[in-house]
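A.B. asks: Whatever this is, show me its structure:
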Amino acid sequence: MLYCMETQAPEKMESLERYNRLYLEIINRYKDYIEERENLYVAELPKLVTPENEAVSSFANSIKETFQGYEYESNFKEAALKAFDYVNNSISVVATPIQFWLMPEETLSLKCGDHFDRAVLLCSMLIALGNPSSKIAIITKENYRAILVCCELNDKILYMDIEGRKSGEYASKDDLLHGYGADTDDETAAYEFNDKMYVDLA
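C.D. replies: Here you go, the predicted structure:
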C-alpha cells in the first residue's frame, strides 16, 4: 500500500514521494505475482467483513460512547451516520495499481484505502454497532459502478453511497436497486455480501 500523504513539512513530503516512487516500482514489477496471491473468489468476500475484530469493535464502541447510554433502537441511525462521516472525512481514498484487499482493521489503521476497502470497513462498523443486516451492495454496468453499504432499519433500507458520499432511505431493496438502475437491462451485475452471506442480485 502506498503511503497516505497528509500535510507534512516540505522535506518530509519529498521523502515520502521518493518512498512512494520506490514502492510503486516494486509493486509494478511484482504485480502479477501479488494479484495471483491476492485472488479472492466472490463467494469468499464475506471473509473481508470483520465486525468482531478488536480494532473495529473498539472503534464502534467509541462511537457508542458519544451517546449517553447507547440504545440500538434510539441511536443506531445517528451512530451509523457518524461512522459514515468518519469514513468520508478521515479515510483517504487511495487506489493502488493492483487488486489488493485490505482488511477493515488495516484500513482503519492506515486511514486510507480504495472505495471497496472503505465500504468493507463501514459495513463492519455498522454490524459492530448492532445491525447484523448491514451489507455491501455492488452494482456495475458498462460505464457505471455504485458501492453502497445498506441495512434494514424501521422497515426501510438505509443506504450509504461510498463513492457518491450521500445517504438516504428507500422503502425496500427493490426500490433501491431500481433507484440505482440495477433492474433496467441484462448488462447490469449486482451482488451483496456481509460477514455471513453472499448473494447475486441481478
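
A.B. asks: give me the element the residue most central in space within the chain is part of.
C.D. replies: Residue closest to the average C-alpha location in the chain (CA atoms, centre = their mean): Ala119, at 1.1 Å. Element membership for Ala119 (DSSP states H and E) is helix 115-128.

A.B. asks: What are the contacting residues of that helix?
C.D. replies: Outside helix 115-128, the residues within contact range by CB atoms under 8 Å, 6 or more residues apart in numbering are 48-53, 56-57, 59-61, 63, 80, 83-84, 87, 91, 93, 101-104, 107-108, 113, 134-136, 147-149, 151, 160, 162-163, 194-195. Using the backbone N, CA and C atoms, a C-beta is placed for each residue, glycine as well.

A.B. asks: Take those and keep only those in strands.
C.D. replies: Here DSSP state E is the test, and those give 93, 113, 135-136, 147-149, 151, 160 as lying in strands.

A.B. asks: closest to Tyr19 among the residues you listed?
C.D. replies: Of all the ones in strands among the contacts of helix 115-128, Tyr19 sits closest to Gly113, with 18.3 Å by CB to CB.

A.B. asks: What residues are bridge-paired with the closest one?
C.D. replies: Val93 (DSSP bridges).

A.B. asks: and what of Tyr170?
C.D. replies: Judged by DSSP bridges, the bridge partners of Tyr170 are Ile157.

A.B. asks: ok, which pair from the ones in strands among the contacts of helix 115-128 is furthest apart?
C.D. replies: Val93 and Cys151 (22.5 Å).

A.B. asks: Quick check on those two: which one has the bigger neighbour count.
C.D. replies: Taking neighbours as other CB atoms under 10 Å, Val93 and Cys151 compare with Cys151 leading, 22 against 14.

A.B. asks: Relative to Asp195, how far out is the closest residue in space to Leu126 that isn't next to it in sequence?
C.D. replies: In space, and not counting its chain neighbours, Leu126 is closest to Ser134: 3.8 Å by CB to CB, 6 or more residues apart in numbering. Applying CB to CB, to the nearest Å, the value for Ser134 to Asp195 is 9 Å.

A.B. asks: neighbour count winner among these two?
C.D. replies: Remark: of Ser134 and Asp195, Ser134 carries more neighbours, 26 against 19, as counted by other CB under 10 Å.

A.B. asks: Quick check, the more buried one in contact with Ile157.
C.D. replies: No: look at Ser134 against Ile157 with CB atoms under 8 Å: they stay out of range, at 10.9 Å.

A.B. asks: distance of the residue nearest to the centre of the chain from Asn20?
C.D. replies: 24 Å.

A.B. asks: Nice, that's everything, thank you.
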